[in-house]
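Student: Have a look at this fold, sequence not included:
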Ligand code: FPP
């Protein structure tokens, strides 16, 4: 399947996606917002398949932010139900395909039964490694950093022990590579509290289409764009090119 992409292309190892625009997608069709979320969930299947086919190893999806609790209650409940439905309906197939599911974020605001389902899904798939799917649900980058600080203090570490490497180990994404690229759909050029530590050197790609319309072809365009970037990590071009 990778033959769809030129063999010369560098495939990002870790992609983060801000799946934005479900509401606008629905509004433009005269549909209620939840139809946009429903279609966005369908689209996730296509994008997951494409990620697997293209050899992407880590995918982090921003499904529900700490700020999303402020949305109307019916929408919040709908999004929580989507998480449950995805686990109920898709877990078996994801597991068969070798997908490892991880939860990035807090689960304390979720119903107990769903907390258990999430834990069980994480446990069931923990030895899979074809694709690591981090589901950011009740996730915020600032909350993640505060939690890391609290845990470092609880562990009694001394100031001189706290390095960037150690700090990374206290984040939800411990032991995972930082994202190489953050994709945001829906046209807005913001990071919206997503992986704010981990995305320090990520390439940002903004797609103008809404999330339900961001399919395999759009992902290919994002990967092509990634290949046209020069990632300098604070150095100058000459250092990278060895001249
Ligand atoms: C942003 O669009 C999207 C969300 C807040 C939810 C994203 C969730 C999914 C795509 C479903 C998959 C979920 C799981 C749990 C696997 P928006 O509502 O902010 O759109 P708008 O900016 O057009 O209003």
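Tutor: Now that the structure is in, tell me what you want to look at. Keep in mind that this is a model prediction, so the values were computed, not measured.
Student: residues touching the residue in the chain that the ligand sits nearest to, list them.
Tutor: Closest contact between the chain and the ligand, by CB to the nearest ligand atom, is at residue 23 (2.5 Å). Quick note: C-beta positions are derived from backbone N, CA and C, even for glycine. Residue 23 is in contact with 33, 36, counting by CB atoms under 8 Å, 6 or more residues apart in numbering.
Student: and the stretch of helix or strand it belongs to, which residues are buried?
Tutor: Element membership for residue 23 (DSSP states H and E) is helix 22-27. Judged by neighbour count (16 or more other CB atoms under 10 Å), helix 22-27 contains these buried residues: 22, 23, 24, 25, 26.
Student: Go ahead and confirm the fourth one touches residue 185.
Tutor: No. Counting by CB atoms under 8 Å, no contact exists between residue 25 and residue 185, whose distance comes to 9.5 Å.
Student: can you list residues touching both of these two?
Tutor: In terms of CB under 8 Å, 6+ apart, residue 25 and residue 185 are both contacted by the residues 210, 211, 213.
Student: quick one, strands of this protein?
Tutor: 14-18, 58-65, 99-104, 131-139, 181-184, 203-206 (DSSP state E).
Student: ok, residue 231 - how many residues close by?
Tutor: 13 (other CB atoms under 10 Å).
Student: and what of residue 108?
Tutor: 7.
Student: per-residue pLDDT, it?
Tutor: Per-residue pLDDT puts residue 108 at 96.
Student: quick one: the helix holding residue 23 to chain centroid distance?
Tutor: 20 Å (CA atoms, centre = their mean, to the nearest Å).
Student: any idea of the mean pLDDT for it?
Tutor: Mean predicted lDDT for helix 22-27 stands at 98.
Student: same deal with stretch 236-243?
Tutor: Mean pLDDT, computed over stretch 236-243, is 78.
Student: Residues contacting the lowest-mean-pLDDT helix or strand in the chain from elsewhere in the structure, which ones?
Tutor: Least confident helix or strand, the chain: helix 237-241 with a mean of 81, by mean pLDDT, DSSP states H and E. By CB under 8 Å, 6+ apart, the residues outside helix 237-241 that reach it are 230, 232.
Student: Of all the residues in it, which ones are buried?
Tutor: In helix 237-241, counting by 16+ other CB under 10 Å, buried: nothing.
Student: ditto for stretch 29-41
Tutor: Buried, per 16+ other CB under 10 Å, within stretch 29-41: 33, 34, 35, 36, 37, 38, 39, 40, 41.
Student: Show me which residues of the chain sit near the ligand.
Tutor: Listed as neighbours of the ligand in the chain under the rule CB under 6 Å from any ligand atom: 19-24, 37, 40-41, 44, 63, 68, 79, 82-83, 86, 135, 137, 186, 211.
Student: which among those residues end up buried?
Tutor: 19-24, 37, 40-41, 44, 63, 68, 79, 82-83, 86, 135, 137, 186, 211.
Student: Check whether residue 189 really touches residue 207, as I assumed.
Tutor: No. Residue 189 is beyond contact range of residue 207, at 11.2 Å (criterion: CB under 8 Å).
Student: the more surrounded of those two?
Tutor: residue 207 (21 against 7).
Student: show me what contacts the more buried one?
Tutor: 183, 184, 185, 186, 187, 214, 218, 221, 222.
Student: That one - nearest residue in space that isn't next to it in sequence?
Tutor: residue 185 (4.7 Å; CB to CB, 6 or more residues apart in numbering).
Student: what about the one you found, neighbour count?
Tutor: So residue 185, with other CB under 10 Å, has 26 neighbours.
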